[in-house]
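Enquirer: Quick one, fold the following:
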Amino acid sequence: MKNFLLAHYEKIILAALLIIFTALLYYQLLFIQKAQNQEVDTKVTQKQIASDYESIDFTKPAYRTENIFSEWNKVETDEPSPTKTQLMSPYPLAECVFCHSLIPANAYPAVGETKNGKCPACGHALAPRVKNEDDLLGKADLNNNGIPDDWEKEYSIALENSGADSDQDSDGFSLMQEYKAKTDPTDPLSHPKYLTQVYVSAVSRTRFTGLELVSVDMTKADKKDWQATFSVVRNGNKRSAFVQISGSTFTHNNVSFSAVDIEVDDKTQEPIVYIQRVGKIERIPCRPKQTVYDPSPRVRFLNALYDRTFTSSVGADFTLGTDKTGKEVYRVSSADPSTKEVIVETVNTDGTLGESFKLLPVPKDVSSSASDAGKTPASSGTNSKDNSSPFLQRQ
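Expert: Numbers count the residues shown, from 1 in each chain. Have a look, this model is predicted:
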């Protein structure tokens with residue numbers, strides 16, 4: 001026995017300590033449970049204290065909101081003061097057309113006023129309000145799409161299927177756009193002009209890469225015998241081409257050119273050689289050691305209606321729409337790379353030109369991934385993305 005205790009005394013001591021710890025934990029749990037029972041009994045048997053306040057009759061006139069906030073209610077709802085409105089009434093705000101800040105609606109003078117108002121944010125003069133013929137006040141709009149029900153019923157449009165963005169006749173324009181333009185939303189031939197959704201994304205000049213005027217020999221008496229030397233590219237290799245204005249031609253990157261005139265700049269006394277692509281009537285100026293540009297600037301357009309871009313050039317035609325929705329043919333008559341000002345003209349069925357339009361640059365509020373210059377190739381004609389759109393065709 002003694003030997004057993006000596007051999008296992010550590011285990012015996014640990015076992016005794018474990019028994020003592022378990023007993024203490026048990027008694028602690030009993031103590032906590034007894035304390036909780038006493039607290040519950042105390043709250044259950046606690047006496048209710050009688051209230052020491054007087055009841056108030058809030059139906060009395062003194063407690064009516066129009067009396068408490070009488071100062072606020074002196075202001076009319078439709079024309080609030082700059083600092084006060086009726087209780088729980090939203091404060092009418094408007095957007096400044098100049099700085100786009102939210103300002104009090106009454107900063108704009110009322111309809112019929114002759115004097116301008118003033119924006120409290122930027123200080124610009126604000127013209128008086130005008131009567132909006134499309135105002136929905138007094139008109140039913142059960143589906144809350146911003147379009148009067150009477151107008152939708154006029155064209156037999158079901159209210160449950162007439163979302164503002166819906167396209168009833170598949171002409172590309174939403175119901176809201178047709179409502180604002182006063183066109184027939186059920187007739188694919190009746191819609192705003194597709195050109196109204198076209199903006200100028202970029203105007204650039206295309207250079208003839210590798211083409212360069214090297215020198216001009218003007219020693220002969222007759223201008224027709226003057227000889228211009230060009231550096232051209234043939235089959236990927238640079239070569240020299242000698243040309244006169246007497247009718248000789250040369251080839252650069254598989255395009256044939258001919259010289260049409262040679263002049264001397266009055267200021268710099270440098271020769272200017274005018275060339276043209278064979279089969280075209282144009283004058284492309286070439287100066288010694290300078291880049292040669294295509295005289296017809298290229299224009300990249302953004303069709304905001306479909307988030308598509310396409311390219312064209314001055315003198316070229318492009319078509320919007322289809323046979324079903326009506327085709328609109330336009331010709332780019334001029335384009336200024338510095339100002340991005342582009343003028344297009346309608347092309348009549350007999351080929352004559354009609355009304356002219358000045359297209360605007362892409363507005364800031366028109367968000368388009370396609371307007372990114374890096375996503376539009378510099379090839380001629382329409383962008384490949386537009387080939388999938390039935391409303392933009394290659395001319």
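Enquirer: low-scoring pLDDT stretches of the stretch 251-395 of the chain, where are they?
Expert: Under the criterion pLDDT under 70, the flagged ranges of the stretch 251-395 of the chain are 367-395.
Enquirer: contact partners of stretch 156-164?
Expert: 142-143, 145-147, 149, 152, 168, 174-176, 185-186 (CB atoms under 8 Å, 6 or more residues apart in numbering). All C-beta atoms are positioned from the backbone trio N, CA, C, and that covers glycine.
Enquirer: Let's see if you can find the most crowded of these.
Expert: P185 (27 neighbours; other CB atoms under 10 Å).
Enquirer: so who does it touch?
Expert: By CB under 8 Å, 6+ apart, P185 lies in contact with Y155, I157, Q168, D169, L175, E178, Y179.
Enquirer: N253 contacts G210, doesn't it?
Expert: Yes - applying CB atoms under 8 Å, one finds N253 in contact with G210, separated by 6.9 Å.
Enquirer: Of the two, give the one with the bigger neighbour count.
Expert: G210 (16 against 13).
Enquirer: Quick one: the helices in the stretch 151-300 of the chain, in order.
Expert: 175-181 (DSSP state H, counting those that start in this stretch).
Enquirer: can you pull out the strands in it?
Expert: With DSSP state E, counting those that start in this stretch as the criterion, the stretch 151-300 of the chain has strands at 198-204, 212-217, 227-234, 237-243, 249-252, 255-264, 271-277, 284-286, 298-303.
Enquirer: The stretch 1-150 of the chain too?
Expert: 93-95, 102-104, 117-118, 125-126.
Enquirer: could you dump those strands to a markdown table with distance to V200 and mean neighbour count?
Expert: Below are the strands of the stretch 1-150 of the chain laid out as a markdown table (distance: least, CB to CB, whole Å; neighbours: other CB atoms under 10 Å):
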| stretch | distance to V200 | mean neighbour count |
| --- | --- | --- |
| strand 93-95 | 26 | 13 |
| strand 102-104 | 31 | 16 |
| strand 117-118 | 34 | 17 |
| strand 125-126 | 30 | 14 |
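Enquirer: Quick check: the gap between S231 and R239.
Expert: From S231 over to R239 the distance is 8 Å, taken as CB to CB, to the nearest Å.
Enquirer: In a markdown table: the strands of the stretch 151-300 of the chain, plus distance to V314 and mean neighbour count.
Expert: Listed next are those as a markdown table, based on distance: least, CB to CB, whole Å; neighbours: other CB under 10 Å:
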| stretch | distance to V314 | mean neighbour count |
| --- | --- | --- |
| strand 198-204 | 10 | 20 |
| strand 212-217 | 23 | 17 |
| strand 227-234 | 24 | 18 |
| strand 237-243 | 25 | 13 |
| strand 249-252 | 21 | 18 |
| strand 255-264 | 18 | 16 |
| strand 271-277 | 14 | 19 |
| strand 284-286 | 13 | 19 |
| strand 298-303 | 8 | 25 |
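Enquirer: export those strands to JSON lines and tack on distance to T319?
Expert: Below are the strands of the stretch 151-300 of the chain laid out as JSON lines (distance: least, CB to CB, whole Å):
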{"stretch": "strand 198-204", "distance to T319": "12"}
{"stretch": "strand 212-217", "distance to T319": "37"}
{"stretch": "strand 227-234", "distance to T319": "34"}
{"stretch": "strand 237-243", "distance to T319": "37"}
{"stretch": "strand 249-252", "distance to T319": "31"}
{"stretch": "strand 255-264", "distance to T319": "26"}
{"stretch": "strand 271-277", "distance to T319": "24"}
{"stretch": "strand 284-286", "distance to T319": "28"}
{"stretch": "strand 298-303", "distance to T319": "12"}
